[in-house]
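Colleague: Structure for this input, please:
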Amino acid sequence: MSADPGNNQAMRADKWLWAARFYKTRVLATQAINGGKVHLDGERIKPARRLRVGDQLTIHKGPYSFAITVERLTSQRRPAEEARTLYSESQESASERHALYRQRKLEGHSVHRRERRPDKRARRRIRQFKQH
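Modeller: Residues are numbered from 1 along each chain as shown. Next up, the predicted model:
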């Protein structure tokens, strides 16, 4: 049997992480790998490390951790629904991540919370407070 050029046998770790939508850009994927946030079978890897189907990856993003198995390889970044078919996450990993998410939400941690500048009303109240 000859090798099919469309059938990928192995691909770069940074490119796969980008295609699987764990990171928005390949640069961010490369920085995460170089920063020790991605492990293959418990070992640190380099961005050019060739991933194969069946490889076990552990990815740390912020407080969350993903323990996944590579199911498919693709060099194209596809929609999120298709990207989820590229890997399978262990049930234990998913339940731990969801529990941590619920705990952080109850404690008031929000990923999207940003400190904003005071609006006109708030500035008036600040000035009023400082004057008295």
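
Colleague: what's the average pLDDT for stretch 34-43?
Modeller: Average pLDDT, stretch 34-43: 94.

Colleague: Straight-line length of it, end to end?
Modeller: Counting by Cα to Cα, to the nearest Å, you get 12 Å between the two ends of stretch 34-43.

Colleague: Pull out the buried residues from that stretch.
Modeller: K37, V38, H39, L40 (16 or more other Cβ atoms under 10 Å). The way it works is simple: take the backbone N, C-alpha and C, and place the C-beta from them, glycine included.

Colleague: Return the member of those nearest to Y64.
Modeller: Within the buried residues of stretch 34-43, proximity to Y64 (Cβ to Cβ) peaks at K37, which comes in at 10.9 Å.

Colleague: Nearest residue to the closest one in space, please, no chain neighbours.
Modeller: Excluding the flanking residues, the one nearest K37 by Cβ to Cβ, 6 or more residues apart in numbering is H60, at 4.6 Å.
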